[in-house]
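1. Curious how this folds, go ahead:
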Amino acid sequence: MKYTIDKQEKYSALRLHEEKLDSNVAPQLKSELITLHAEGVHNVILDLSEVKYTDSSGLSALLVGNRILQEDNGIFVLACLSEHTTKLIKISQLDTVLNIMPTVEEAVDAVFMHEIEKDLKQGN
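-> Numbers count the residues shown, from 1 in each chain. Model prediction:
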């Protein structure tokens, strides 16, 4: 799996350099997300701008990332989805479960909003 990662203070942005998020890539993506979480990363932005095709195993990897980060009060944000991936997520009715933003910049904003909301909840 080809990807780059940009680790920031509040989040890590992982950009997939693959055209397909399928059974060849999904297991490696799952492991990378689990590893990031184990290293203490609570918020992950997954930039899918280069991904043109996603299958059910790819969706499964996205759900794993979403679950492990949410369990830890973090946020998992998908950014720059292709039309195909967006349709698959909507057909699977996962658009209400997953955090999806049109751009990486908006995904970063979503992470910071999540952090602010979390801090406010902890303050009460």
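
2. Can you classify Val51 as helix, strand or coil?
-> Following DSSP: H, G, I helix; E, B strand; the rest coil, we place Val51 in the coil state.

3. what's the closest residue in space to it that isn't next to it in sequence in contact with, if anything?
-> Excluding the flanking residues, the one nearest Val51 by C-beta to C-beta, 6 or more residues apart in numbering is Leu21, at 4.9 Å. C-beta coordinates here come from the backbone N, C-alpha and C atoms, glycine included. Applying C-beta atoms under 8 Å, 6 or more residues apart in numbering to Leu21 gives the contacts 29, 48, 51, 53-55, 58, 61, 85.

4. tell me what the least confident helix or strand in the chain by mean pLDDT is packed against?
-> Across the helices and strands of the chain, mean pLDDT, DSSP states H and E gives its lowest value to helix 104-123, namely a mean of 94. With contacts taken as 3 or more C-beta pairs under 8 Å, 6 or more residues apart in numbering; DSSP states H and E, helix 104-123 sits against strand 12-16, strand 43-47, strand 75-79, strand 99-101.

5. I'd say Ser60 and Ala26 touch.
-> Yes: look at Ser60 against Ala26 with C-beta atoms under 8 Å: they come within range, at 6.3 Å.

6. Just want to know which of those two has more residues nearby.
-> Between Ser60 and Ala26, counted using other C-beta atoms under 10 Å, the more crowded position is Ala26 (22 against 15).

7. Just want the phi and psi numbers for that one.
-> Taking degrees, to the nearest 10, you get phi -50, psi -50 for the backbone angles of Ala26.

8. May I have the phi/psi pair for the residue nearest to Val51?
-> For Leu21, the backbone dihedrals are phi -110, psi 90 (criterion: degrees, to the nearest 10).
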